[in-house]
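Undergrad: Predicted model and sequence follow; I will ask about them next.
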Amino acid sequence: MTMKSITWLIPVIALILIVAATFLVILPAYTVLLAVITILRAKWQSRDNNNGKIISNGGSTETKTGASSPYSHVATSFYQGVVFHIRHQPTVHSFKYPLYFSVVDLDEASELFGEGNVYPQFEEKQQQHLSKSNPKGSLWPLSSLMLLKDADHLKNGEGMIKHGELQNGNVSMRERLFNLIHERTNGKMDLRSTVNDDNQRNTERRKILLVTHLMYYGYCFNPVSFYFVMKPTSTAKNDDDEVEAIVIEISNTPWNEMSVYVLHPDSVDITEHSVYPSMNSTKNIHAKTYQYRWSKNFHVSPFMTMDHDYDWTFQVSRNRIKAEV
């Protein structure tokens with residue numbers, strides 16, 4: 001092999017080394033750097049917000065000089081789990097991979113990711129939004145790499161119709177979900193009056209957990225997202241809330257189309273539903289199992305035709321979420 005015949009390999013090798021260095025060294029190091037800056041920024045802001053506050057302690061008073069963690073009150077978190085799949089026809093094939101999902105409490109979304117990305121969920125915060133009080137969120141600058149945006153969800157305009165009229169301007173994700181659930185259940189589940197109620201002690205207030213992939217490094221790949229509407233109940237063991245409704249977003253790649261299903265006993269989207277009490281006492285899991293069945297109306301996999309039904313089961317507890325189809 002002559003020198004002339006291999007000179008073209010030099011730029012190819014250089015390009016491979018640059019790409020490898022970017023993904024293996026530069027991006028992880030940059031991510032860690034932004035994470036450190038985000039934590040330090042949050043601690044600084046937390047100290048400024050808490051310094052000088054007087055709190056009561058059994059008749060005496062003390063000055064609070066700082067919180068132990070700026071994110072100690074945050075319910076939003078990463079969940080580590082697995083995704084598995086098995087196909088029986090035309091040949092048997094299966095896989096199982098570790099996976100991370102973000103579980104976002106919608107009450108916290110605009111606070112964490114910024115009001116410029118997630119419209120505030122409650123009226124008081126929406127009024128503050130006009131003054132751009134929190135445009136970047138408490139996760140900035142890390143949120144420049146991992147971000148939740150309203151624009152990546154409910155892409156077909158679901159929930160934008162209220163009282164028969166198309167809503168103009170910004171509408172919170174919470175309000176859109178409640179509008180959509182009201183529409184798909186023919187008004188039998190109506191939570192629209194609780195949209196702007198941020199009273200934590202109100203028994204009518206619903207927590208909404210969004211299980212999704214965030215936008216990472218400017219790209220959002222989200223085959224499926226789940227919105228769990230959680231109803232507080234005093235009878236649930238371990239203070240776990242009950243699942244009152246589920247909204248599923250299913251996307252097909254690479255066409256970037258989305259179909260949204262509302263899972264509720266009165267929803268027009270489903271054909272069957274069942275609720276089973278927990279049977280897994282060995283793992284201390286007290287969550288009920290919710291099963292929904294509905295007809296497929298959206299093409300996703302090249303291996304499956306449209307003449308199928310979806311059959312999903314769900315379990316949601318304090319620290320565990322299971323979705324099986």
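TA: Sure, I can see it.

Undergrad: Show me where the chain has its helices.
TA: For the chain, the helices defined by DSSP state H occupy 3-6, 9-21, 27-50, 106-113, 123-129, 173-184.

Undergrad: In a markdown table: those helices, plus mean neighbour count and mean pLDDT.
TA: Backbone N, C-alpha and C define where each C-beta goes, glycine included. Below are those laid out as a markdown table (neighbours: other C-beta atoms under 10 Å; pLDDT from 0 to 100):
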| stretch | mean neighbour count | mean pLDDT |
| --- | --- | --- |
| helix 3-6 | 8 | 60 |
| helix 9-21 | 10 | 82 |
| helix 27-50 | 14 | 84 |
| helix 106-113 | 22 | 92 |
| helix 123-129 | 15 | 54 |
| helix 173-184 | 22 | 94 |
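
Undergrad: can you list these in CSV and add distance to L209?
TA: What follows is the helices of the chain, written out as CSV (distance: least, C-beta to C-beta, whole Å):
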stretch, distance to L209
helix 3-6, 57
helix 9-21, 37
helix 27-50, 22
helix 106-113, 8
helix 123-129, 19
helix 173-184, 11
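
Undergrad: Report the contact partners of the most centrally placed residue in the chain.
TA: Residue closest to the average C-alpha location in the chain (C-alpha atoms, centre = their mean): L210, at 3.1 Å. Contacts for L210 (C-beta atoms under 8 Å, 6 or more residues apart in numbering) come out as S102, V103, V104, L106, A109, L148, H153, M173, S225, F226, Y227.

Undergrad: Tell me where the stretch 201-325 of the chain is predicted with low confidence.
TA: Along the stretch 201-325 of the chain, the model assigns pLDDT under 70 to residues 201-203, 234-240, 279-286, 303.

Undergrad: those strands in it, which residues are they?
TA: 207-212, 215-216, 224-231, 242-252, 257-263, 272-276, 289-295, 309-316, 321-324 (DSSP state E, counting those that start in this stretch).

Undergrad: Could you pull out the strands in the stretch 51-200 of the chain for me?
TA: Taking DSSP E, counting those that start in this stretch, the strands of the stretch 51-200 of the chain run over residues 53-57, 60-64, 77-87, 93-105, 146-147, 161-162, 165-166.
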